[in-house]
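A.B. asks: coords please:
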Amino acid sequence: MQALPPPPPRQLTLTFPDTPAPTVAIWETLDPATRNAALQALARILAQAVLPPRKQEHRDD
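C.D. replies: The predicted structure is shown next:
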């Protein structure tokens, strides 16, 4: 039986020319309340992306 390869890293590092690599992970520097707010905003955006658009009633003013 063959051994499984090691799992990939959890976060990919994109290399752009002339851009220094960050020395500190920004997510790690955020306080828990800010992390929670960011996750809630991301969840809201993702939910809106997968839900069908809401039908709006036409106004006959």
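
A.B. asks: grab the nearest non-local neighbour of Leu30.
C.D. replies: Beyond its immediate neighbours in the sequence, the residue positioned closest to Leu30 (CB to CB, 6 or more residues apart in numbering) is Ala38, lying 7.3 Å away. Where C-beta positions appear, they are placed from N, C-alpha and C, glycine not excepted.

A.B. asks: next one: the strand or helix carrying that neighbour to chain centre, how far?
C.D. replies: Here Ala38, judged by DSSP states H and E, is contained in helix 32-50. Chain-centre distance of helix 32-50: 8 Å, with CA atoms, centre = their mean, to the nearest Å.

A.B. asks: which outside residues touch that helix?
C.D. replies: Trp27, Leu30 (CB atoms under 8 Å, 6 or more residues apart in numbering).

A.B. asks: only C-alpha atoms, please: export that helix in CSV.
C.D. replies: These are the backbone C-alpha positions of helix 32-50, laid out as CSV (Å, rounded to 0.1, in the frame of the first residue of the first chain):
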residue,chain,number,x,y,z
PRO,A,32,-12.0,38.6,17.5
ALA,A,33,-14.8,41.2,17.0
THR,A,34,-13.3,42.4,13.7
ARG,A,35,-12.8,38.8,12.5
ASN,A,36,-16.4,38.0,13.3
ALA,A,37,-17.6,41.1,11.5
ALA,A,38,-15.5,40.2,8.4
LEU,A,39,-16.8,36.6,8.4
GLN,A,40,-20.4,37.8,8.7
ALA,A,41,-20.0,40.2,5.8
LEU,A,42,-18.4,37.4,3.7
ALA,A,43,-21.2,35.0,4.6
ARG,A,44,-23.8,37.6,3.6
ILE,A,45,-22.1,38.2,0.2
LEU,A,46,-21.8,34.5,-0.5
ALA,A,47,-25.5,33.9,0.5
GLN,A,48,-26.6,36.6,-1.8
ALA,A,49,-24.5,35.1,-4.7
VAL,A,50,-26.2,31.7,-4.4
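
A.B. asks: number of nearby residues for the residue nearest to Leu30?
C.D. replies: By other CB atoms under 10 Å, 12 other residues sit near Ala38.

A.B. asks: for stretch 35-53, the distance to its chain's centre please.
C.D. replies: That offset, for stretch 35-53, works out to 10 Å (CA atoms, centre = their mean).
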